[in-house]
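Trainee: Fold the following, please.
(chains A and B)
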Protein chains: 2
Amino acid sequence: MSSQAEVIARNARKAGNVLKVLSDEQRIFILHKIHDALKENAGAIKVANEVDLKVANETGIKPSLIKRLDLFKGDKFEIMLQGIQEIAELEDPVGKVLMARELDEGLTLYKVTAPVGVLLVIFESRPEVIANITALAIKSGNAGILKGGKESVNTFREMSRIINDCIEKYEPECHVPVNAVQLIETRQDVSDLLNQDDYIDLVVPRGSNALVKQIKNNTKIPVLGHADGICSVYVAKDADIEKAKRIVYDAKTNYPAGCNAMETLLINREAKNWEDVLTNLITKGDVTVHLSEDVKEAYLQKLQASNLLTDKIRSKIVLAEESDFYREFLSLDCAVKFVNSTEDAISHINQHSSKHTDSIITENEASANKFMRGIDSAGVYWNASTRFADGFRYGFGAEVGISTAKIHARGPVGLDGLVTYQYQMRGDGQIAGDYLGAGGKKAFVHKDLDINNIVL
Amino acid sequence: MSSQAEVIARNARKAGNVLKVLSDEQRIFILHKIHDALKENAGAIKVANEVDLKVANETGIKPSLIKRLDLFKGDKFEIMLQGIQEIAELEDPVGKVLMARELDEGLTLYKVTAPVGVLLVIFESRPEVIANITALAIKSGNAGILKGGKESVNTFREMSRIINDCIEKYEPECHVPVNAVQLIETRQDVSDLLNQDDYIDLVVPRGSNALVKQIKNNTKIPVLGHADGICSVYVAKDADIEKAKRIVYDAKTNYPAGCNAMETLLINREAKNWEDVLTNLITKGDVTVHLSEDVKEAYLQKLQASNLLTDKIRSKIVLAEESDFYREFLSLDCAVKFVNSTEDAISHINQHSSKHTDSIITENEASANKFMRGIDSAGVYWNASTRFADGFRYGFGAEVGISTAKIHARGPVGLDGLVTYQYQMRGDGQIAGDYLGAGGKKAFVHKDLDINNIVL
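Mentor: Alright, predicted model coming up:
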């Protein structure tokens, strides 16, 4: 007998097989209809959202979380609706020709993008995310199984009902299948689905690092996400210290809770006026610096020598523990260490970082190139803040998530993280046995064709 | 205390970090030196190989396997040496610019290929494979941990010694590190290494399907490989039956042990003269056809009506069981079934195939397009034999393996399956806080640059 999870997963696979062959127009059509349906049913969604808010208030949830649950605060609902339309109008990620090669006369090989298939997306309680993920999944031709945070269950249920009713209504017209988007509600459902690797192709957790870690440890399905964001900035010997001050300050303080915030600062002990970077962080940014012993000693010496050591600075200095260099503070804290060279910085980062984004500050191009080639992370920056690691800043139109995996999708992931590729071969009866290597005499031509001129 | 596996994996990671920054010239240099060293030490390798052959003969191994162990049979050794040089001279897979985008004046984002990092490659007993894999790993800037079949242990050990001595000798000159290639010898080592997901980025099993399955079930590291090759050919309603005969015959008989051989034949019951496809397979190809009940009945009727039913044909007909449609025969057998439409064929294949390669035979372009978009496999062919699914036939220069995974690398995989990408950002002190969305006023430009004009 099939488990409930298997039924959900199998239905998603079937829906995915239908979605895969639909045209961009059909996918755009349903996204606009979903937009309209959510807009028309704003009243019902608001009622459901109020139930969630009432429950949240009663159970004494933090005000910051309650603010996130409120879908109708300010223009959140309108922005959500607009987001669906924006995703609908993005360039079609499916069916793009990546390579075309003539193997022989009348025998041509094409490498073409195709949907991954079935996505299991797990996200937090912000109710607008369900619309965003629905749009991303359908636009990329994938079936989605969605699980949102339990605090918004009533809102999710209502929105999912509206979306599914809309898809069902227009199925005869545009063929987007009913099971294109399925909402699941319990954690048990999630853990059962994590075993459905025959049917589910990719898990996309968008939530806390603890959640991502737990999912990675409990599934054989590839996971698109990041469990940690331990980003480093390296102030090299030839750094322009004004740039270093600005970048380090931005990387740490612009949004400390972001996964692209700096957590570790590496300083070349020969960098001129490196102490200004720390003083700026502390006095302007209110950052607590966790200094390794030699940095602490040298910093205090410099400040005392120039009479700049204040009580405020003193209060913001902590002696770093080794574990601080593996730590994602997510707060106005950072770990600071001396290194002797770019090689040392590379070696420290490759050992300690989470392969997210790391930056070098230097005026020396050779050092910058060495750093960018040597660091094993998704993002390697030169004289720029790690905070740029973001799908919108990269110009992706939509962000699916940020990945610290090393294959498939790395760093900020746009719609192209939800597609893979297939090889299409178009022939006229050719058989391998006619060619060299398989018993025949014909040779292959292997002539690459200009992909800009190809319409399949 | 670190386990032996952890030490090996950590050393590989360190070596990988060094290899990552080497130039193509340095990688080419060492590959030619390895070529020379293996050539010069042919005598010692032959002695080791003879020990393996002697042991194999004594333990009564199958002659076909012994033939595979013999590295000096015919021109096998010379072809192996030539292969190293060919891989050395392939286009550098590392550092290719895939995308370049101006985010703002002086702030540019590049998507650049980079080595995956550390490969664990497990292969069979053919001794020449160690040279091939060494060349592929080094050329792509990856560190390799290699485990070959135990029947060739003496040959592997000798070749690995020669390769490592050579790398050590030239390390001062070209900086390819000693642990770039490490040979391991026992199955226990493999299973310990499969837990080292902190250090190993990709497992490449090149061997039996049982091996691949076992590895996939025992590691969280991504696996590049295929556990099954259940390829189908669909003879559609509008098939040119002469093409169908040729293609089906080639797909099944050209090399039945190949993973790209046809295992399932789907026939549209309205295809004209479909019975000729079966008769050709049986009489010319000596294939045993496992027919579903309705195909068997219809086929016998047709043959009796035209007086073509022979004892040979009768002897090659077997009634198919449902499990035959999930079966990789790897022999002169195939399962045959009627379907009513291209949709039915797609649905059967998406449910039963191993996502390797599937082909439609038809003169109707609309059906072909429907099939190619609908099938969820790495290769989707129109009027061509599934046997074309092969790295050399695709023009990849070298084949790393064939993948049935859905992400990272699909189908035949060339050197590009051993690289991933990184985002490089080159700036001049830019911070996120100056831009819209992060507290500032500046807007992003997001202007794509022509990647053909970029040298980093």
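Trainee: Not counting sequence-adjacent ones, nearest residue to A:Gly144?
Mentor: A:Ala137 (3.5 Å; CB to CB, 6 or more residues apart in numbering or on different chains). Yep, even glycine has a C-beta here, placed from its N, CA and C like the rest.
Trainee: Compute the number of surrounding residues for that neighbour.
Mentor: Per other CB atoms under 10 Å in any protein chain shown, the neighbour tally for A:Ala137 reads 28.
Trainee: ok, now A:Thr59?
Mentor: A:Thr59 is flanked by 8 other residues according to other CB under 10 Å.
Trainee: and the gap between it and chain B?
Mentor: 33 Å (CB to the nearest CB, to the nearest Å).
Trainee: Any figure for the gap between that residue and A:Lys150?
Mentor: Going from A:Thr59 to A:Lys150 by CB to CB, to the nearest Å gives 11 Å.
Trainee: cool, and A:Val129?
Mentor: Using CB to CB, A:Val129 is found at 14 Å from A:Lys150.
Trainee: all strands of the stretch 251-400 of chain A, in order?
Mentor: A:262-268, A:288-291, A:317-319, A:333-339, A:357-361, A:379-384 (DSSP state E, counting those that start in this stretch).
Trainee: any idea how chain A splits into domains?
Mentor: Following automatic domain parsing, one gets these domains for chain A: A:4-216, A:231-388.
Trainee: And those domains: which comes nearest B:Gln214?
Mentor: Closest approach to B:Gln214 among the domains of chain A is made by domain A:4-216 (15.6 Å; CB to CB).
Trainee: Might you report the residue contacts of the closest residue to chain B within the stretch 1-150 of chain A?
Mentor: Chain B sits closest to A:Val21 of the stretch 1-150 of chain A, with a gap of 4.7 Å, by CB to the nearest CB. Listed by CB atoms under 8 Å, 6 or more residues apart in numbering or on different chains, the contact partners of A:Val21 are B:Lys370, B:Arg373, B:Gly374.
Trainee: near chain A too, which of these?
Mentor: The subset of those within reach of chain A, by CB under 8 Å from any CB of the partner chain, is B:Lys370, B:Arg373, B:Gly374.
Trainee: Quick one: residues in contact with stretch A:314-326.
Mentor: Stretch A:314-326 has contacts (CB under 8 Å, 6+ apart) with A:230, A:264, A:282, A:286-293, A:296, A:299-300, A:335-337, A:348, A:352.
Trainee: can you rerun that using 7 Å?
Mentor: Outside stretch A:314-326, the residues that touch it by CB atoms under 7 Å, 6 or more residues apart in numbering or on different chains are A:230, A:264, A:282, A:287-293, A:296, A:335-337, A:352.
Trainee: Of the residues you listed, which is the nearest to chain B?
Mentor: A:His352 (12.1 Å).
Trainee: Give me the number of neighbouring residues for that closest one.
Mentor: 19.
Trainee: Grab the nearest non-local neighbour of it.
Mentor: Distance criterion CB to CB, 6+ apart; nearest residue to A:His352, sequence neighbours excluded, is A:Phe325 at 5.0 Å.
Trainee: and what of A:Lys337?
Mentor: Excluding the flanking residues, the one nearest A:Lys337 by CB to CB, 6+ apart is A:Ser292, at 4.7 Å.
Trainee: Phi first, then psi, for that neighbour.
Mentor: Phi and psi for A:Ser292, reported as degrees, to the nearest 10, are phi -70, psi 160.
Trainee: ok, it to A:Gln182 distance?
Mentor: Distance, A:Ser292 to A:Gln182, using CB to CB: 51 Å.
Trainee: State which strand of chain A is the longest.
Mentor: When chain A is parsed with DSSP state E, its longest strand is strand A:419-430.
Trainee: Any chance you could list what contacts the lengthiest helix in chain A?
Mentor: Looking across chain A with DSSP state H, the single longest helix is helix A:153-174. Contacts of helix A:153-174 with the rest of the structure, by CB under 7 Å, 6+ apart, involve A:26, A:29-30, A:33-34, A:37-38, A:41, A:44-45, A:48-49, A:51-52, A:71, A:127, A:130-131, A:134, A:148, A:176-178, A:180-181, A:183, A:185.
Trainee: same question, stretch A:187-196
Mentor: Applying CB under 7 Å, 6+ apart, the contact partners of stretch A:187-196 are A:3, A:5-6, A:8-9, A:120, A:122, A:145, A:147, A:184, A:200, A:215, A:218-219, A:221.
Trainee: How about it, which residues are buried there?
Mentor: Residues A:Asp189, A:Val190, A:Asp192, A:Leu193, A:Leu194, A:Asn195, A:Gln196 are the ones in stretch A:187-196 that count as buried (16 or more other CB atoms under 10 Å in any protein chain shown).
Trainee: Now do that stretch: distance to the chain's middle.
Mentor: What separates the centre of stretch A:187-196 from the centre of its chain is 22 Å, taken as CA atoms, centre = their mean, to the nearest Å.
Trainee: Ok, stretch A:303-320 next?
Mentor: Centroid separation between stretch A:303-320 and its chain, computed with CA atoms, centre = their mean, is 38 Å.
Trainee: Now do the end-to-end distance for it.
Mentor: One end of stretch A:303-320 sits 19 Å from the other (CA to CA, to the nearest Å).
Trainee: Also stretch A:364-380?
Mentor: Start-to-end span of stretch A:364-380 (CA to CA) is 15 Å.
Trainee: which parts of that stretch are buried?
Mentor: Buried positions in stretch A:364-380, judged by neighbour count with 16+ other CB under 10 Å: A:367-380.
Trainee: touching chain B at all, it?
Mentor: Yes - using CB under 7 Å from any CB of the partner chain, we find that stretch A:364-380 touches chain B at A:Lys370, A:Met372, A:Arg373, A:Gly374, A:Asp376, A:Ala378, A:Gly379, A:Val380.
Trainee: ok so, going back, list the buried residues of the longest helix of chain A.
Mentor: Neighbour counts over helix A:153-174 (16+ other CB under 10 Å) mark A:153-160, A:162-164, A:166-167, A:170, A:174 as buried.
Trainee: same check, this time on stretch A:279-290
Mentor: A:Thr279, A:Asn280, A:Leu281, A:Ile282, A:Gly285, A:Val287, A:Thr288, A:Val289, A:His290.
Trainee: go on, stretch A:172-182?
Mentor: Using 16+ other CB under 10 Å as the test for burial, stretch A:172-182 gives A:Cys174, A:Val176, A:Pro177, A:Asn179, A:Ala180, A:Val181, A:Gln182.
Trainee: now swap in stretch A:78-89 and tell me
Mentor: Result for stretch A:78-89 [16+ other CB under 10 Å]: buried residues A:Met80, A:Leu81, A:Gly83, A:Ile84, A:Ile87, A:Ala88.
Trainee: among the buried residues of stretch A:364-380, which two are most distant?
Mentor: Farthest-apart pair in the buried residues of stretch A:364-380 is A:Ser367 and A:Ala378; separation 20.7 Å (CB to CB).
Trainee: how distant is stretch A:12-28 from the center of its chain?
Mentor: On CA atoms, centre = their mean, the centre of stretch A:12-28 falls 23 Å from that of its chain.
Trainee: Now it: average pLDDT?
Mentor: The pLDDT scores in stretch A:12-28 average 96.
Trainee: For it, list the C-alpha coordinates in CSV.
Mentor: Extracted C-alpha coordinates of stretch A:12-28, given in CSV (Å, rounded to 0.1, in the frame of the first residue of the first chain):
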residue,chain,number,x,y,z
ALA,A,12,3.4,15.8,-8.1
ARG,A,13,5.6,13.7,-10.5
LYS,A,14,2.6,13.2,-12.8
ALA,A,15,1.8,16.9,-12.7
GLY,A,16,5.4,17.7,-13.4
ASN,A,17,5.3,15.6,-16.5
VAL,A,18,2.4,17.6,-17.8
LEU,A,19,3.9,21.0,-16.8
LYS,A,20,7.1,20.1,-18.6
VAL,A,21,5.5,20.2,-22.0
LEU,A,22,3.4,23.3,-21.6
SER,A,23,4.3,26.5,-23.4
ASP,A,24,5.5,29.6,-21.7
GLU,A,25,2.2,31.2,-22.7
GLN,A,26,0.3,28.6,-20.9
ARG,A,27,2.4,29.0,-17.7
ILE,A,28,2.1,32.8,-18.0
